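K.L.:
Would you be able to build a 3D model of this:
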Amino acid sequence: MTSSFITPIVIFIITLLDFVTGEISSASACFSRSNKIDIQCSPRTMLRIHKVFFGYNSEGRCSFTPGDCIYTEHENYPCVGKETCSINLPSGGFGRKIPSCQQESTYFQVDYECIPAYMTRSICNVEDLRDQSGYLASPGYPNNYPSNLDCSARIYVKPNQNIRLFVIDMDLETNGSVRCMDYLYARDKSRSITLCARRANEPISIMWDELFIQLMSNGIENHKGFWLYYEADPPLLTTTTAPLVLRTTAEILEDEAPAPLTRTNTVRMQTQENKLPFVAIIGGVIGTLSFILLVLLILLGVKWWKERRRRMDKNRFIEVQNPAYRNSTEFRNSNVPSDNFYNYIDC
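P.N.:
Okay, the predicted model is just below:
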């Protein structure tokens, strides 16, 4: 019972950490000690492989250490874009000979990141993209895309920026190695490029000022599709306290290199500004509650006074309507002896 309750909490925490941190992780293994590498991402995330390489370490370590000689591999792994991945290692106790140091590799390493699925948008569901960075994929990715597609999207950045495009994963239908059957077409005002076949971790060398991307597919074969990452270059200067300090882009660019003292004073002033609204809110709440309490006390006082007046008026009314009426106080103050009380009444 306890484990069934704790397990969803653990999964939620891991997923939340993946969403917040977005850090690159590593999975590695020595060829002499393991035959595969298993990677497990959190639910509703997509595996992005940043780098895969063979490495040699003279001290027998099974992961990268500064000074190791390495050889980067550009393999297209089918598990990219999914939540789990299992990569088989070469057998025989070593991977391959590394040209830079002429040594047999002793370990294999994968640098990866688990990207939340909601961050990737389908090229068939968007038209204009104006974010500074983002992910774009074929519909259904990492599953096969549909037939007879004609989808497009445009990416816009600021006038002083360009767009960098990076192919994380691609598998589009080709006719052997001759021509593209399904393809991804990208262009700006002066340049264009057509991509297809299988690609992995491939940056596009063109710097685009405005990017139009189009996916075309026929009805013959459906493959996995593509997963792209784009970003604006150079990035805009931003601060974590931007909502509190309203500054124009021109003002930010004019203040590219503030002195350390200025940055420290700015942070201190912004912290004080953050505290002032909180104090004002607390003061307002206390004042409101005090006012409500005062009104209630006044209403209770008025009600008590009205009730007292009502009783006094009632007593006077009874005396006027029935002159023989006397209250208990009058009887107690009377000089008539108690033994002759009823005799006086009869008279």
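K.L.:
CA only for contacts and neighbour counts going forward, please
P.N.:
OK.
K.L.:
For G287, pull up the helix or strand it's in.
P.N.:
When secondary structure is defined using DSSP states H and E, the element that contains G287 is helix 260-321.
K.L.:
So what touches stretch 146-156?
P.N.:
123-124, 126-131, 139-140, 209-222 (C-alpha atoms under 8 Å, 6 or more residues apart in numbering).
K.L.:
Inside helices: which ones of the residues you listed?
P.N.:
Assignment to helices by DSSP state H places none of those there.
K.L.:
Among these, which lie within strands?
P.N.:
Taking DSSP state E, the ones among these that sit in strands are D128, L129, L211, F212, I213, Q214, L215, M216.
K.L.:
now those residues as TSV including pLDDT and distance to M170?
P.N.:
Below are those laid out as TSV (pLDDT from 0 to 100; distance: C-alpha to C-alpha, whole Å):
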residue	pLDDT	distance to M170
D128	92	22
L129	95	21
L211	95	18
F212	96	18
I213	96	14
Q214	97	14
L215	97	12
M216	96	14
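K.L.:
For ChimeraX, what selects the buried ones among the residues you listed?
P.N.:
The command below creates a ChimeraX selection of those among these that count as buried (16 or more other C-alpha atoms under 10 Å):
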select :129,211,212,213,214,215,216
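K.L.:
now for the ones in strands among the contacts of stretch 146-156, which pair is the farthest apart?
P.N.:
Using C-alpha to C-alpha, the two most remote members of those are L129 and M216, lying 19.4 Å apart.
K.L.:
how close does the nearest residue to M170 once chain neighbours are set aside sit to G95?
P.N.:
In space, and not counting its chain neighbours, M170 is closest to F226: 4.1 Å by C-alpha to C-alpha, 6 or more residues apart in numbering. Distance of F226 to G95, given as C-alpha to C-alpha, to the nearest Å: 29 Å.
K.L.:
just for this structure, where's the confidence low?
P.N.:
Counting by pLDDT under 70, the ranges of the chain that qualify are 1-22, 177-178, 238-280, 313-347.
K.L.:
give me that answer again for 80
P.N.:
Per-residue confidence of the chain (counting by pLDDT under 80) places the weak regions at 1-22, 90-94, 176-178, 237-285, 310-347.
K.L.:
can you give me the helices in it?
P.N.:
2-21, 249-254, 260-321, 328-333, 341-346.
K.L.:
Tell me if I'm right that L89 and R33 touch.
P.N.:
No: under the criterion of C-alpha atoms under 8 Å, L89 lies out of contact with R33, with a separation of 10.5 Å.
K.L.:
Of these two, give the one with the bigger neighbour count.
P.N.:
The residue with more neighbours, out of L89 and R33 and counting by other C-alpha atoms under 10 Å, is L89; that gives 18 against 11.
K.L.:
ok, now which ones touch the more buried one?
P.N.:
If you count contacts by C-alpha under 8 Å, 6+ apart, L89 has them with F31, S34, N35, K36, I37, G95, F108.
K.L.:
and the chain, what are its domains?
P.N.:
Residue ranges for each domain of the chain read 14-118, 123-233, as given by automatic domain parsing.
K.L.:
Show me the one of those that comes nearest I282.
P.N.:
domain 14-118 (30.7 Å).
K.L.:
mind checking how far R191 is from L211?
P.N.:
For R191, the distance to L211 under the criterion C-alpha to C-alpha works out to 10 Å.
K.L.:
quick one on the thing from earlier: the residue nearest to M170: how many residues sit nearby?
P.N.:
Using other C-alpha under 10 Å, F226 has 29 other residues around it.
K.L.:
possible to save the domains of the chain as JSON lines with distance to V285?
P.N.:
Converted to JSON lines, the domains of the chain look like this (distance: least, C-alpha to C-alpha, whole Å):
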{"stretch": "domain 14-118", "distance to V285": "34"}
{"stretch": "domain 123-233", "distance to V285": "39"}
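K.L.:
hmm, back to that, need the ones in strands among the contacts of stretch 146-156 in JSON lines with distance to C114, can you?
P.N.:
Formatted as JSON lines, the entries for the ones in strands among the contacts of stretch 146-156 read as follows, by distance: C-alpha to C-alpha, whole Å:
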{"residue": "D128", "distance to C114": "26"}
{"residue": "L129", "distance to C114": "22"}
{"residue": "L211", "distance to C114": "26"}
{"residue": "F212", "distance to C114": "27"}
{"residue": "I213", "distance to C114": "25"}
{"residue": "Q214", "distance to C114": "26"}
{"residue": "L215", "distance to C114": "25"}
{"residue": "M216", "distance to C114": "28"}
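K.L.:
Tell me where the stretch 1-150 of the chain has strands.
P.N.:
Listed in chain order, the strands found in the stretch 1-150 of the chain under DSSP state E, counting those that start in this stretch are 25-30, 36-40, 45-56, 69-73, 84-88, 97-98, 103-104, 107-116, 120-122, 128-129, 133-137, 150-155.
K.L.:
between those, which one is nearest to E307?
P.N.:
strand 107-116 (67.9 Å).
K.L.:
the inter-axis angle of that closest one versus strand 84-88?
P.N.:
Using axes from the mean of the first three to the mean of the last three C-alpha atoms, to 10 degrees, the direction of strand 107-116 lies 170 degrees away from that of strand 84-88.
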